[in-house]
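Q: Return a 3D structure for these sequence lines:
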Amino acid sequence: MGYSTFAIIRAMRVRLAVGWIVCVALAGGPACTRGKAHEPTPDLFKMAGSYDVGQNPTFLATADFNADHIADLVTANINGQNVSILLGNGDGTFNERIRYRVGELPRTLVTVDVTHDGVPDLVVANNGSNSISILKNKGDGTFLDAVHRPVGQSPLALTSADFNGDGFADLAVCLRFDRMVILLGDGTGAFREGEAFDPGDTPSAVVAADFNGDGLIDLGVANSGMMKGNIAVFLGDGKGAFKAAGEYGEHIRPIFLTMGDFNEDGKLDLVATDGPRNLLTVFLGRGDGTFEAGRGFSAESGPVFIVPGDFNRDHHLDVAVTNSVSNNLSVVIGNGDGTFRFPPFDYQTDRGPFAVVAEDFNGDQVLDVAVANFQSDNVTVWLGRSVEEQKAKKGG
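A: Numbers count the residues shown, from 1 in each chain. Now for the predicted structure:
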């Protein structure tokens, strides 16, 4: 069995950065070569504020919780046994936190409408109490007390989609000891047991999407275990069951996984953070449920979470990555062909940046980012500068 994400990150903290390297292939591929330096860091973001959220936030998500058409934030605070809601004001600032008690060691969460009333609720994975906590939204940005449901030993991650085609949100929950549990929703906030299967060695992240174009939801899983780390893909049958469709990235230890069309061919690709080796690994989708072999690109020290977005407004997908050891946020510019420019542009954060989200927090049609800082117990918000602002600042 593998270690938890936190054990991996603790191990990474004893490593030293050795410079920027671009790896053109993973195991068995050509040797790595150092990347070329590029122009000074562009002024893509400006710091907008910092907000206390609770003890050791490990997950961050964004949604409109109070139906005011303004993005809000929520964190899972693993050593606070709670989640914190930050309601947005629409100008890039947020109100003081509202906390809700959940289970023990809440590690991750998902925002999803489990009651079928049109407003996002919360489902939290509690690593310490072997449960999920379901918090139903009252519709005004406040939530009912959590309802707890056992799921199995040490849930690490979860995602939501309609796996059986009944119109209600279902859940896929990753358990630390090589188990994936499918929970089928009934539209009231209750769930019944679906299938359970072995997704691989220590599944630490999961994404849901249609990878083979059949209109059914599939799963991509990041397995971070020491024995057999990889990315595993499972194709859905539309009835809530899944079958293995391939494993990718032999010898990697992915901590987090995201998706997007990074080479602009209309097919979903996957990008994973490999914290122990300080790599980002890109798997280009073929559109039939299979992926090309992973291509690794060097990252800063201790990459954890990753979020896609067009941060420099060139109409190509980039990624923003939190680096828990080097205490910064890296913006890695995409070329639109599945490759990235290196080294990335780095922005200093508070201590222990962990989770990151991207959204337009101030309504200016420019993408912003928020970072949950594990050691600083806060969330920092960075507002994106428009192209005009960037040019004016550079000229000034």
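
Q: just checking, Pro276 is part of a helix?
A: Yes - with DSSP: H, G, I helix; E, B strand; the rest coil as the criterion, Pro276 is part of a helix.

Q: what about it, neighbour count?
A: 20 (other Cβ atoms under 10 Å). Quick note: C-beta positions are derived from backbone N, CA and C, even for glycine.

Q: What of Lys243?
A: Count around Lys243 with other Cβ under 10 Å applied: 12.

Q: now swap in the one 4 residues further on and tell me
A: Using other Cβ under 10 Å, Glu247 has 15 neighbouring residues.

Q: show me what contacts the residue lying closest to Asp377 once chain neighbours are set aside?
A: In space, and not counting its chain neighbours, Asp377 is closest to Gln55: 5.7 Å by Cβ to Cβ, 6 or more residues apart in numbering. By Cβ atoms under 8 Å, 6 or more residues apart in numbering, Gln55 lies in contact with 77-80, 377.

Q: Now do the contacts for Cys174.
A: 155-158, 180, 199, 203-206, 221.

Q: at 6 Å instead, please
A: Contact partners of Cys174, counting by Cβ atoms under 6 Å, 6 or more residues apart in numbering, are 156-157, 180, 203, 206.

Q: Check Asp368 too.
A: 361, 383-384.

Q: top of those by neighbour count?
A: Of those, with other Cβ under 10 Å as the count, Phe361 tops at 30 neighbours.

Q: My read is that it contacts Asp72, right?
A: No - using Cβ atoms under 6 Å, Phe361 is not in contact with Asp72; the gap is 9.3 Å.

Q: which residues are common contacts for these two?
A: Gly88.

Q: how about the strands in the stretch 51-200 of the chain?
A: For the stretch 51-200 of the chain, the strands defined by DSSP state E, counting those that start in this stretch occupy 57-63, 72-77, 82-86, 98-101, 106-112, 121-126, 131-135, 147-150, 155-161, 170-175, 179-185, 191-197.

Q: Distance from the second one to the middle of the chain?
A: On the basis of Cα atoms, centre = their mean, to the nearest Å, strand 72-77 is displaced by 13 Å from the centre of the chain it belongs to.

Q: Report the angle between that strand and strand 57-63.
A: Compare the direction of strand 72-77 with that of strand 57-63 by axes from the mean of the first three to the mean of the last three Cα atoms, to 10 degrees and you get 160 degrees.

Q: And strand 72-77, what does it pack against?
A: strand 57-63, strand 82-86 (3 or more Cβ pairs under 6 Å, 6 or more residues apart in numbering; DSSP states H and E).

Q: Need the contacts of Gln55 in TSV (columns: distance to Lys136 and pLDDT).
A: TSV is the format used below for the contacts of Gln55 (distance: Cβ to Cβ, whole Å; pLDDT from 0 to 100):
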residue	distance to Lys136	pLDDT
Asn77	20	98
Ile78	22	97
Asn79	25	97
Gly80	21	97
Asp377	27	98
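
Q: these two touch, right, His127 and Gly152?
A: You called it His, but residue 127 is Asn. No - Asn127 is beyond contact range of Gly152, at 11.2 Å (criterion: Cβ under 6 Å).

Q: Identify the residues contacting stretch 99-106?
A: For stretch 99-106, using Cβ under 6 Å, 6+ apart, the contacting residues are 76, 78, 81-84, 124, 126-129, 131, 133, 135, 143, 146, 148.

Q: So which helix or strand of the chain has the lowest pLDDT on average?
A: Across the helices and strands of the chain, mean pLDDT, DSSP states H and E gives its lowest value to strand 33-34, namely a mean of 32.

Q: where does the stretch 201-350 of the chain dip in pLDDT?
A: Scanning the stretch 201-350 of the chain with the threshold set as pLDDT under 70 gives no residue ranges.

Q: residues in contact with the residue nearest to Gly194 when sequence neighbours are not counted?
A: Excluding the flanking residues, the one nearest Gly194 by Cβ to Cβ, 6+ apart is Ile182, at 3.5 Å. Counting by Cβ under 6 Å, 6+ apart, Ile182 makes contact with 172, 194-195, 240.

Q: Quick check: beta-bridge partners of Val271?
A: Thr258, Val282 (DSSP bridges).

Q: Does it touch Leu284 like I think?
A: No - counting by Cβ under 6 Å, Leu284 is not a contact partner of Val271; they are 9.9 Å apart.

Q: These two - which one has more neighbours?
A: Val271 (30 against 21).

Q: ok, which stretches of the stretch 251-396 of the chain are helices?
A: Under the criterion DSSP state H, counting those that start in this stretch, helices of the stretch 251-396 of the chain are mapped to 387-395.

Q: what ranges do the strands span in it?
A: Using DSSP E, counting those that start in this stretch, strands in the stretch 251-396 of the chain cover 256-260, 269-274, 279-283, 295-298, 303-309, 318-323, 328-332, 345-348, 353-359, 368-373, 378-384.

Q: Counting by contacts, list what the third one packs against.
A: Contacts of strand 279-283 with other secondary structure elements, assessed using 3+ Cβ pairs under 6 Å, 6+ apart, are made with strand 269-274, strand 295-298.
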